[in-house]
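In: what follows is a protein structure lacking sequence information:
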């Protein structure tokens, strides 16, 4: 049971991370920078750095989850990143900001739906981090 | 392509900024980039975009013939006076006073959004004769249809929020929502122009 749960969560999260990376990498990186900037949380240099680095980090996490290598550490990293996304989105949604989620490319507004989805993904990553430690 | 660049450059040199503005559009239609701004006069983020981004964008790109700017109405249902404001601004566009009225509507947004005195705000921004024309025009069916047509264009582009900028370059469109900082927008436009 644990083995199947681990496999299922690993593949689910791998798919989500690879897809998220692909949607960002297929468009000019400054489009993603504008999405990050709309949250109005980071200074310009941090927005630009995040826009450059994050899609590649997401891709790397997705590939590692797919292969199952270093699962204990990668699942924690995935949970930390998803927790950062969730908190950021929650704060912005709470402020009533009408902005793009930026989760999977452009054109998806930040909403209760995107929050629920990110919350579910965070719960999945946390569960994976726990079951990755069990035999 | 070379011809298009030449036309843009020539237009930028030969046409004065005042001639660039035609109703709800500004710049030359053959510019390399088109930016459609879907906006709601009652939305605070649209006010911020109008007051912080538009002026430098117009000075650096639109009036230099590099960007063609199109203002589109996207009044959100939750804003009671947004549609009326859009009709008044579109009516002002018919007499060449769109920018004047848009500036006044955004500058006094907090006030008319509370008391509903949209017509009074517009009238103050115009002379008595122009105000009379605009207030009458705003109720005309073709103005109402124009606002609806813009809104429908937004719906067709799956817009759900304002402000949204749709940046189009070489047939590719990039929607950008929310308030963005001008330095990053400028980098993005420069990147597109360099392609």
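Out: Good, I have the coordinates. Please read these numbers as outputs of a predicted model, since none were measured by experiment.
In: got the contact list for the helix or strand that contains residue B:38?
Out: For residue B:38, the element it lies in under DSSP states H and E is strand B:33-39. Residues outside strand B:33-39 that contact it (Cβ atoms under 8 Å, 6 or more residues apart in numbering or on different chains) are B:46, B:49-50, B:54, B:57, B:61, B:66-74, B:150, B:153-154, B:157, B:159, B:162-169, B:189, B:192-193. The way it works is simple: take the backbone N, C-alpha and C, and place the C-beta from them, glycine included.
In: show the pLDDT at residue 43.
Out: You didn't say which chain, so I picked chain A. The per-residue pLDDT reported for residue A:43 equals 95.
In: I was after chain B.
Out: pLDDT, residue B:43: 94.
In: what of the one 4 residues further on?
Out: If you check residue B:47, the pLDDT there is 96.
In: and the gap between it and chain A?
Out: Distance, residue B:47 to chain A, by Cβ to the nearest Cβ, to the nearest Å: 12 Å.
In: tell me who's in contact with that residue.
Out: B:106, B:109.
In: what residue in chain B comes nearest to chain A?
Out: Nearest residue of chain B to chain A: residue B:178, at 3.4 Å (Cβ to the nearest Cβ).
In: hmm, that residue is touching residue A:100, no?
Out: Yes - contact criterion Cβ atoms under 8 Å: residue B:178 and residue A:100 qualify, at 6.4 Å.
In: stretch A:17-25 near chain B at all?
Out: No - shown here: stretch A:17-25 not in contact with chain B (Cβ under 8 Å from any Cβ of the partner chain), separated by at least 12.5 Å.
In: where do the helices of chain B begin and end?
Out: B:2-14, B:17-20, B:44-52, B:54-57, B:82-94, B:98-107, B:109-115, B:118-125, B:128-137, B:141-156, B:182-194 (DSSP state H).
In: residue A:108: which of those helices is closest?
Out: Nearest of the helices of chain B to residue A:108, taken as Cβ to Cβ: helix B:141-156 at 15.4 Å.
In: for that closest one, buried residues please.
Out: Residues B:143-144, B:146-147, B:150-151, B:153-154 are the ones in helix B:141-156 that count as buried (16 or more other Cβ atoms under 10 Å in any protein chain shown).
In: what's that helix packed up against?
Out: strand B:33-39, strand B:67-73, helix B:82-94 (3 or more Cβ pairs under 8 Å, 6 or more residues apart in numbering or on different chains; DSSP states H and E).
In: tabulate the ones you listed in JSON lines, adding columns for mean pLDDT and distance to residue A:5.
Out: Output for the helices and strands packed on helix B:141-156, formatted as JSON lines (pLDDT from 0 to 100; distance: least, Cβ to Cβ, whole Å):
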{"stretch": "strand B:33-39", "mean pLDDT": "97", "distance to residue A:5": "45"}
{"stretch": "strand B:67-73", "mean pLDDT": "97", "distance to residue A:5": "49"}
{"stretch": "helix B:82-94", "mean pLDDT": "97", "distance to residue A:5": "49"}
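In: deepest-packed of the ones you listed, please.
Out: helix B:82-94 (a mean of 25; mean count of other Cβ atoms under 10 Å in any protein chain shown).
In: my guess is residue A:36 contacts residue A:53, does it?
Out: No - here residue A:36 lies out of contact with residue A:53, judged by Cβ under 8 Å, at a distance of 11.0 Å.
In: was I right to think residue A:126 contacts residue A:79?
Out: Yes - contact criterion Cβ under 8 Å: residue A:126 and residue A:79 qualify, at 5.1 Å.
In: neighbour count winner among those two?
Out: residue A:79 (21 against 17; other Cβ atoms under 10 Å in any protein chain shown).
In: that one and residue A:17, how far apart?
Out: 12 Å (Cβ to Cβ, to the nearest Å).
In: same question, residue A:102
Out: For residue A:102, the distance to residue A:17 - Cβ to Cβ - is 15 Å.
In: those two: which is more packed in?
Out: Ranked by neighbour count (other Cβ under 10 Å), residue A:102 and residue A:17 place residue A:102 first, with 30 against 26.
In: ok so that one is a helix residue?
Out: No - Residue A:102 is assigned coil when assessed by DSSP: H, G, I helix; E, B strand; the rest coil, not a helix.
In: which residues touch residue B:57?
Out: B:35, B:67, B:69, B:182, B:185.
In: what do you get for residue B:107?
Out: residue B:51.
In: give me the sheet partners of the strand holding residue B:38 and which way each runs.
Out: When pairs are called by DSSP bridges, strand B:33-39 turns out to pair with strand B:67-73 (parallel), strand B:164-169 (antiparallel).
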